[in-house]
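**Q** Build the 3D model from these lines:
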Amino acid sequence: MKQSAKQIQGINDFVVKFANVNGTGSASANHLFAKAIFRMGIPVSPRNIFPSNIQGLPTWYEVRVSKNGYLGRRGGVDLMLSVNPQSMEQDLRGVEPGGYFVYDNTKPLAPHLRRDDVSFFGIPLTEMCMREFETPRLQQLLKNVVYVGALAALLNMKFTILKDLVADQFKGKEKLISSNVHALEMGYQYVTENYDCPLPIRLEMGEDVVAPHILESEHILMNGNTATALGAIYGGATVAAWYPITPSTSVVDAFDKYAQRMRIDPGSGKKNYAIVQAEDELAAMGMVVGAGWNGARAFTATSGPGLSLMSEFLGLAYFAELPAVLINVQRSGPSTGMPTRSQQSDVLAAAYASHGDTKQVLLFPATPRECFDMTVQAFDLAEQLQTPVIMMSDLDLGMNDWMSPPLEWDDNYRMNRGKVLDAKGLDEATNWGRYLDVDGDGICYRTLPGTHPDKGAFFTRGSSKNEMAVYSESGADYVKNVDRLLRKFETAKSYVPKPKTHPPVKVKKPKTKQKLGALFFGTSASPCYEAVEMLAAEGYPIDTMRIRAFPFHDSVDEFIHAHDRVFVVEQNRDGQMRRLISNECEIPPGKLIPVLNYSGTPITARNIASQIRDNLNTKGAEVVALHPEKA
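**A** Below you'll find the predicted structure:
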């Protein structure tokens, strides 16, 4: 081993990155590593960065270990495990000065792959596996497990936890358990015999873990798409119509799995749900709208390209005032973009989905727990407001495991169907009209098909009509209708989730008299909280507000006006949330300062802090500014 003069040190606070080849079975081994750290009671945040092809291209898996409970990416790599020759030069460049580089030295490392400020650890992974295991496929798969065992020794992981996880994963398959445990032991033994263990960066159980922005003491590891599917189950969804598209496919896959257990009639054994794979996204959205008109709670799941195709039916549902729920798991665009890369780049497309004067209700979850809660709420909102509700997740949240508060359910929950007249209500109504605003809140009373034998029947149309749902090309009727829809959108402000605010971290001697604020949403939240603490340590206190819904609550406007500079952190090129805020709140664009990342990899705390620091015309010695593609 070649050691650097100065090595990074840290207990329960570092970043490990795995560099593999897609299709080699590394994902399960890397997940085993992350899950073992979580089982040790240490906060961990894993991210899978993978290509859209089936196999052959480089793939990475980044694991953030943070005793302070930071769930976002920090930026930089302290230990790189690189077993992909194709990306090895790039992987080595990404290691922090004083960091560690672990590699397969079955073949000698190329002379140009050297750095004097990095410690190298060679392990003959391929040679060991070829000697111990018979088939090429088994040799390849277990090579990944060998390096997990090696890291266990280097980082002081509790080995018994790894063995228990293997036993859980392959329960009932004793041969697989024994071969995987043997592979773990091979890596562990080789490293302990050849290197000083553990490294200066290591894991220790029993550390006093305090997470400033995570108040709950119990947590689970879960991805957002699974939580969303469970939210649809508990929210009463019985119809899912969809067309497969990365990264949203697993939402409906999980919904199907849970529905097979929880949507079966106990008496007859028949299914109480319908899942339809449509011929395209346009048809899928049409089915959801039709099911909503008929009284079912229905949803679809898609990503950016699907949202574009669905916009016509979203406009119909908005104008005809029909409930529908759309789960949009965002990815990089435009066009088909990068299907396996994450962005927050559908904000404007979703907010104004469809042509004409249209405004859609959006929800912005930041954790799997919020994916669950907001999906349930989306179905209530869709029926209360009689309009589409779009939940704006993204690939990072949807497909990666997040440390999240456990999902909770109130058994007293009852679905809020909104203003729906039953047969008795129709009999008592003296002058019922489908588009009459009786209460002045812009929300009309509706009735479901078949409710009454001779009352309540109406045609739902996307063309212009009067208050009685009768076709009309009168300009006055049209203006009255769309003005009421705008009034309903104002009412929605009191229905949707309010923003969450946090006061600035206390600074003894602030370096500025300006009041600084930061606005963000979704998966930008965790790295933004960390960046704010970095900047507070440098003397810059920043208030924060996490936006959770559109239309914006009045407090968003108040927050902006209470500060001299407001940074808007988001993951797209054009600052779409900044533009939406400026447009809807009538804020001069110059007051909102964009902090952007659109590389396809999730934004890092260092990236955010660097951009804000540059705007403040200052520098911080201990925070490394990294380009997005290197973060």
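**Q** Going C-terminal from whatever helix or strand residue 175 lives in, what's the next secondary structure element?
**A** According to DSSP states H and E, residue 175 maps onto helix 174-194. Downstream of helix 174-194, the next assigned helix or strand under DSSP H and E is strand 201-202.
**Q** which strands and helices sit next to the helix or strand immediately after that following strand in the chain?
**A** Downstream of strand 201-202, the first helix or strand assigned by DSSP H and E is strand 220-223. Judged by 3 or more CB pairs under 8 Å, 6 or more residues apart in numbering; DSSP states H and E, strand 220-223 is in contact with helix 26-39, helix 395-399, strand 401-404. Where you see a C-beta, it was placed from the backbone N, CA and C, and this is true even at glycine.
**Q** Kindly reformat those as JSON lines and extend each row with mean pLDDT, distance to residue 567 and mean neighbour count.
**A** Output for the helices and strands packed on strand 220-223, formatted as JSON lines (pLDDT from 0 to 100; distance: least, CB to CB, whole Å; neighbours: other CB atoms under 10 Å):
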{"stretch": "helix 26-39", "mean pLDDT": "96", "distance to residue 567": "31", "mean neighbour count": "21"}
{"stretch": "helix 395-399", "mean pLDDT": "98", "distance to residue 567": "20", "mean neighbour count": "28"}
{"stretch": "strand 401-404", "mean pLDDT": "93", "distance to residue 567": "24", "mean neighbour count": "23"}
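**Q** between the ones you listed, which one is nearest to residue 496?
**A** Taking CB to CB, helix 395-399 is the member of the helices and strands packed on strand 220-223 nearest to residue 496, at 18.8 Å.
**Q** Now do that closest one: which elements does it pack against?
**A** Here helix 395-399 touches strand 220-223, helix 224-234, helix 249-262, strand 324-330, helix 368-385, going by 3+ CB pairs under 8 Å, 6+ apart.
**Q** Could you dump those into CSV and include mean pLDDT?
**A** Converted to CSV, those look like this (pLDDT from 0 to 100):
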stretch, mean pLDDT
strand 220-223, 94
helix 224-234, 98
helix 249-262, 97
strand 324-330, 98
helix 368-385, 98
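**Q** Ok, which of the ones you listed comes nearest residue 549?
**A** Using CB to CB, those put helix 368-385 closest to residue 549, at 8.6 Å.
**Q** by contact count, what packs against the closest one?
**A** Contact here means 3+ CB pairs under 8 Å, 6+ apart; on that basis helix 368-385 packs against helix 224-234, strand 324-330, strand 361-363, strand 388-394, helix 395-399, strand 401-404, helix 475-492.
**Q** Which residue is most remote from the mean position of this protein?
**A** What lies farthest from the middle of the chain is residue 430; by CA atoms, centre = their mean that is 48.3 Å.
**Q** contacting residues for it?
**A** The neighbourhood of residue 430, defined by CB atoms under 8 Å, 6 or more residues apart in numbering, contains no residues.
**Q** if I read this right, residue 448 contacts residue 294, doesn't it?
**A** Yes - at 7.0 Å, residue 448 counts as touching residue 294 under the criterion of CB atoms under 8 Å.
**Q** still on that earlier bit, for residue 128, which of the helices and strands packed on strand 220-223 is the nearest?
**A** Across the helices and strands packed on strand 220-223, closest to residue 128 is helix 26-39 (CB to CB), at 14.8 Å.
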